[in-house]
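> starting from these lines, generate the structure:
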Amino acid sequence: ILRLPEETCPVCTKAVLPTNPKDLKFLYTNASDFKTEKEKKARKVARLKRPIRTFCGHWYHYNCLDIFMTEPPFGAECKAEGCGRR
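The predicted structure follows:
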């Protein structure tokens, strides 16, 4: 967890967590808490970038991991440098 702020997604190579701490509210707040359509849309986009930890210990964005797991080649190895686990 201590390394999480510096972690990058192996698929898109962008930071796993948003750089602005205020943007974290879009990742972990219920949709009913947002009033405007703009806030609801921002939440929907942010949820696709929600950090997910895999069994090998690497962190991916939700959407990046989803694409990586559901598009060919299936059963590929972890994209993180030096990992190679499935």
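> what ranges do the strands span in this structure?
Using DSSP state E, the strands of the chain run over 51-53, 59-61.
> out of the ones you listed, which is the most enclosed?
Stretch with highest mean neighbour count among those: strand 59-61 (a mean of 23; mean count of other C-beta atoms under 10 Å). All C-beta atoms are positioned from the backbone trio N, CA, C, and that covers glycine.
> returning to what we had before: can I get the strands of the chain in CSV with mean pLDDT?
Converted to CSV, the strands of the chain look like this (pLDDT from 0 to 100):
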stretch, mean pLDDT
strand 51-53, 90
strand 59-61, 92
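> what's the closest of those to Val11?
Among the strands of the chain, strand 59-61 comes nearest to Val11, with 6.3 Å by C-beta to C-beta.
> for the most centrally placed residue in the chain, give me its contacts.
Closest to where the C-alpha atoms of the chain average out (C-alpha atoms, centre = their mean) is His61, at 1.7 Å. By C-beta atoms under 8 Å, 6 or more residues apart in numbering, the contact set of His61 is Cys9, Val11, Cys12, Lys14, Val16, Leu48, Lys49, Arg50, Pro51, Ile52.
> how much space between the last one and Lys25?
Translated: Ile52. 18 Å (C-beta to C-beta, to the nearest Å).
> what of the second one?
Using C-beta to C-beta, one gets 24 Å for the distance from Val11 to Lys25.
> next, count neighbours for the spatially closest residue to Leu24 that is not a sequence neighbour.
Nearest residue to Leu24 in three dimensions, chain neighbours excluded: Pro18, at 6.4 Å (C-beta to C-beta, 6 or more residues apart in numbering). Pro18 is flanked by 16 other residues according to other C-beta atoms under 10 Å.
> can you read off the pLDDT for Pro18?
You'll see Pro18 listed with a pLDDT of 86.
> show me the contacts for it.
Pro18 makes contacts with Leu24, Leu27, Ala46, Lys49, as judged by C-beta under 8 Å, 6+ apart.
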